[in-house]
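Dropping the sequence and predicted coords here.
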Amino acid sequence: MPQLDTADHYVNQRDGRYMDMALEQAREAQALGEVPIGAVLVSAEGMVLAAAGNRRETWQDPTAHAELMVLRLAAQRQESWRLLDTTLYVTLEPCVMCMGAIILARVPTLVFGAHDPRAGAVGSIYDFSTDERFNHRVEVRPGVRGAACSTLLSDFFASLRQRRQKRCRPSSPDQG
Ligand code: ZN
């Protein structure tokens, strides 16, 4: 077990702060009818380079995941596809597409909230972060604000199921 020293404590506090920003992006996405997932890309100096939420429904774009949105935005702003010395914060464990993009963009550090047992590519169904066949390794800090991130998602899916059940329920005869 690594010892928790002052530097670790500082990192933990900072991780929590940026994950809160990613959660804010997730809530904004939810308000648009999106699955609530948010991401923030931060420079080594602690500057927020880009922040975005999932826009798959809004854009009807299968690639409009929060992670890809922040990578694209930050690369455009920096005029460089190499996002060296950055940390990506995302509320949900990235999928294979997003982990692929994180590796291609040379993002050195990934911090995520909830695990995604069905599609996660950072240990759940695959682990792209430690696969030595890639020429880039990603340092991962999982589970930051994990409970808040996963509650946001499970509440969203629970209310979605409720709405669907209401819609599908046949109307009673006395209601015509
Ligand atoms: Zn993804």
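Now that the structure is in, tell me what you want to look at. Being a predicted model, the structure only gives us computed values, none of them experimental.

Point out the residues in the chain that sit beside the ion.
The chain comes close to the ion at residues His65, Cys95, Met97, Cys98, as judged by Cβ under 5 Å from the ion. C-beta: built from backbone N, CA, C; applies to glycine.

host element of the third one?
Using DSSP states H and E, Met97 maps to helix 96-104.

Asp61: what's it in contact with?
Counting by Cβ atoms under 8 Å, 6 or more residues apart in numbering, Asp61 makes contact with Arg55.

SS state for it?
coil (DSSP: H, G, I helix; E, B strand; the rest coil).

which helices and strands does the longest helix anywhere in the chain pack with?
The longest helix of the chain (DSSP state H) is helix 6-31. Contacts defined by 3 or more Cβ pairs under 8 Å, 6 or more residues apart in numbering; DSSP states H and E place helix 6-31 against strand 38-43, strand 48-53, helix 66-78, strand 86-92, strand 109-114, helix 146-168.

so for the fifth one, what's the average pLDDT?
Read that as strand 109-114. Mean per-residue pLDDT for strand 109-114: 98.

about what we covered before: right, and the helices and strands packed on helix 6-31 - which one's nearest Glu28?
strand 48-53 (5.3 Å; Cβ to Cβ).

What is that closest one packed up against?
Using 3+ Cβ pairs under 8 Å, 6+ apart: strand 48-53 touches helix 6-31, strand 38-43, helix 66-78.

buried sites along it?
Leu49, Ala50, Ala51, Ala52, Gly53 (16 or more other Cβ atoms under 10 Å).

can you redo the residues you listed as a markdown table with pLDDT?
Output for those, formatted as a markdown table (pLDDT from 0 to 100):
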| residue | pLDDT |
| --- | --- |
| Leu49 | 98 |
| Ala50 | 98 |
| Ala51 | 98 |
| Ala52 | 98 |
| Gly53 | 98 |
